[in-house]
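K.L.:
need a structure here:
(chains A and B)
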Amino acid sequence: MRRALLLALALALLAGCGALTPSAGGSSAKGPLQVWIMEPGNPELRAFFTSATTDFEAAHAGDRVAVQFVPWASAHDQFVTAIGGGQMPDVAEMGSTWTPEFGDIGALEPAALGGGDGAEGGDRFVPSLVEGATVDGTVYGVPWYAGARALIYRTDVLATLGQSVPSTWDELLTVGRAIRDRTGMAAFGVAGNAPHYVLPMVWQNGGEIAYRKGGVWRSGMDSQEAVAAVQFYADLYRTERFAPAGALSWNARDVRKAFEAGDLAMMIGGAWDLRPLLAAHPELAGKVASALLPAGPSGNRDSFAGGSHLVVFSGTKKAALARRYLDFLLDPGRVAAFTTKIGFLPGALDALAAATPPDPLYRTFSAQLQDHSRTYPPTREWGGFEADGLFTSAVQQVMAGKRTAAQAMKDVAKTMDAAFGG
Amino acid sequence: MGSRFDRRILPWLLLAPALLVVFGLVVYPVGRTVWLSFRAAGLPYLASGQSRFVGLDNYRDLLTNAHLREVFLTTAGFGFACVAATMAAGLAVALLLDQRFKGRALLGVLVLLPWAVPRVAAGTVWRWMFDDQYGLVNWTLSHLGHDFAGFSWFNDRWPAFIAVGVVVVWQSFPFVALSLLAGLQSIPPEVKEAARIDGAGPLQMLRHVTLPMLRPLLLTLVVVSTIWDFKIFDQVYVMTGGGPYRSTELVAITVWREAFARLHLGTAAALAVALFAVLLVMTIGYGRLARDEVPGGRGVSPRQRRREPLGPGGRGVSPRQRRREPLGTAR
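P.N.:
Coordinates of the predicted model:
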């Protein structure tokens, strides 16, 4: 009898252990819709989602949504981990440069852009955002919002120096030197850890970051134009000393911090930088303005069109609920209200028209996005380049004077070409 | 029948839950990592399990890739430096706390605080303190008469490693200090008394009495610290991220970068196995050293100890003898 009891106990324990093992293979059919939203460090975002979730659940009886906020900096890791563990969310916001990578391995459902399925309806959105979600003709994410960086500068400082806002690289040098020599401020935020500052300069100089040749992607980073662009950027730091020595390891946030402290006169940034900056520092109101990025020698002044897609993970058992929730989030009025709050612009053209701000301070960013922006090559490898710090560590080497731009970019191109294969 | 069940199966049944936990948490992951280190696996492996056997290719990469080789050397150099600094700081604090003075109890609690701070939080706070423009460290050093205004700790590998090292040591010395303090307090007062009567000064006392008596404990702490400091991840990840230009990458950071950024899961697994092997060899080496040490009896090897004449009674009698005795009397 005692033996039987013990045996039963042991078996129960074994069975219990089995039940504790998480089951692989997507989310379950029960429970709320699991949603991951990227967290940009803006308190407005959480407030928006708290009320949006309440509204959605009130409008759709029985539907429940659980929103989880993931910091941008660790989001790529988290997606990789979730896919590896079979614990993906049902719906997620995804950085626009990662969508091809995860779509390509089958982790994402093809997106429904319009009323119907497939790619039709793509013309309702900012084209570069649709292109950024497309791999081999299949679209894997619905453009949600977008933004492009422009030039943010201190009007009072430039006025005192009798300078006008730089509209070309040459003028950037002239104005920057005046600030450097005649004020105690740093002239321009040249940061080592900010890929979106330096890479668009390749376009501005008439180069390509990567291009398609015979159906295969090839790196353009070792071209003359790209090398000269990287050298120009690095020289702003190294020979012109437009930023303090520590800027070698600064990221975009450190640049904003220096601007907020009144130690920096010009920086590259988005409306998402400008809004919180002015909210936290009312003393800067009226002393700050924005302008399109200075044009390079080729006349181009493109900025990187960043943003995010809304994606549905494959294997979700709540496809209908996910669709309802996406339709809810993508309602033009809601997108316009949301993007204005966080300093971005809607990815859908109808919402974009509704959301273009009357304030000239912010209208610059709309103009930069609509007329002077493009996305990085939509390749499945790009997310890895970014996560690996491929561009930033090479640019840092040039800024530190360890290598010339030509040497560093040759290695970057080699790494990119090896990843592209073919 | 019943007794055979009790003797042969029951122990295994009772051990089964623990064994399952050990297997699930240790044996399976380690085995899987070793398996993965012989394969080429990328993101598709995570999504659908595709991978390809590549033999020793991943390990060959470790030997031929200049960056990976350098990372191992950097890790060893930085790890040993941190261990040395941690032991020195820990010993100094332990000796201080072993003295009688007012406020000793309070200091004892305060010293423990850095150990209680989560590593990521500590890294973040110290990163601010080492900030080039607005950091407390530069401000303090500048006010002490050195020109550190605008000095960037994270622009080059040496200053960056000094900054990270300060945080690592700051967080790990309390444990060493606390353990050594316990060791110090277990040294019999008579020994110290005798040394003092023989005219030993404080330094001689430390060198010839205290340290030799703490030797087994010191060795254990060195082993534990070495294992910790070779696996440092959090502080580096938060403070430098391995930069600038990958010059502050340690093995743990490289494993993470290969696995999560570059999605070279096989290379990452091979790196992890190599680090495991290095630590295993070092631990065994230290273990040998520690076994050869008998408190108070320097240089007595286990073999010698076994050869010692066996006294009557319990002490010094080998287990085998003890077991034989009652059997003999029964016959």
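
K.L.:
residues in contact with stretch B:95-115?
P.N.:
B:93, B:122, B:170-175, B:177-178, B:181, B:184-185, B:206, B:210 (CB atoms under 8 Å, 6 or more residues apart in numbering or on different chains). Backbone N, C-alpha and C define where each C-beta goes, glycine included.

K.L.:
how about stretch A:77-91: buried residues?
P.N.:
Neighbour counts over stretch A:77-91 (16 or more other CB atoms under 10 Å in any protein chain shown) mark A:78-80, A:82-84, A:88-91 as buried.

K.L.:
Please apply the same query to stretch A:57-65.
P.N.:
For stretch A:57-65, the neighbour count (16+ other CB under 10 Å) marks A:63, A:65 as buried.

K.L.:
Tell me where the chain is predicted with low confidence.
P.N.:
Going with chain A. Along chain A, segments meeting pLDDT under 70 span A:1-28, A:41, A:114-121, A:422.

K.L.:
The intended chain is chain B.
P.N.:
Low-confidence segments of chain B, defined by pLDDT under 70: B:1-2, B:292-331.

K.L.:
Just the buried residues of stretch A:77-91: which are in strands?
P.N.:
A:V91 (DSSP state E).

K.L.:
Among the buried residues of stretch A:77-91, which pair sits farthest apart?
P.N.:
Maximum pairwise distance in the buried residues of stretch A:77-91, criterion CB to CB, is 19.3 Å, between A:G84 and A:V91.

K.L.:
Skipping adjacent residues, who's closest to the residue in the stretch 251-400 of chain A that chain B sits nearest to in space?
P.N.:
Taking CB to the nearest CB, chain B has its nearest neighbour within the stretch 251-400 of chain A at A:A387, 3.8 Å off. Leaving aside its sequence neighbours, A:A387 sits nearest to B:A261 (CB to CB, 6 or more residues apart in numbering or on different chains; 3.8 Å).

K.L.:
and the one you found, how many residues sit next to it?
P.N.:
Per other CB atoms under 10 Å in any protein chain shown, the neighbour tally for B:A261 reads 21.

K.L.:
Give the phi and psi angles for it, as a check.
P.N.:
The phi/psi pair for B:A261 (degrees, to the nearest 10) reads phi -100, psi -50.

K.L.:
Please tell me how far it sits from A:I105.
P.N.:
When CB to CB, to the nearest Å is applied, the distance between B:A261 and A:I105 equals 16 Å.

K.L.:
Chain A against chain B: which residues are in contact?
P.N.:
A:3, A:6-7, A:10, A:13-14, A:17, A:76-77, A:80-81, A:83-84, A:101-102, A:105-107, A:192-193, A:244-246, A:248-249, A:257-258, A:261, A:263, A:384, A:387-389, A:392-394, A:396-397, A:400, A:402 (CB under 8 Å from any CB of the partner chain).

K.L.:
Can you say which of the residues you listed are buried?
P.N.:
With burial judged by 16+ other CB under 10 Å, the buried subset of the residues of chain A next to chain B is A:6, A:10, A:76, A:80, A:83-84, A:101-102, A:105, A:107, A:192-193, A:244, A:246, A:248-249, A:257-258, A:384, A:387-389, A:392-394, A:396-397, A:400.

K.L.:
Near residue 213, how many other residues are there?
P.N.:
Since no chain was named, I'll use chain A. For A:K213, the count of nearby residues is 9 (other CB under 10 Å).

K.L.:
not quite, I wanted chain B
P.N.:
Neighbour number of B:M213 under other CB under 10 Å is 19.

K.L.:
Nearest residue to it in space, please, no chain neighbours.
P.N.:
Distances taken as CB to CB, 6+ apart put B:I187 closest to B:M213, at 5.2 Å, once the chain neighbours are dropped.

K.L.:
Point out the ones among the residues of chain A next to chain B that are inside strands.
P.N.:
Short answer: those have none in strands (DSSP E).

K.L.:
How about the contacts made by whichever residue of the stretch 1-150 of chain B sits closest to chain A?
P.N.:
Closest to chain A within the stretch 1-150 of chain B is B:D132: 3.0 Å, counting by CB to the nearest CB. Shown in contact with B:D132 (CB under 8 Å, 6+ apart): A:244-246, B:138, B:150-154.
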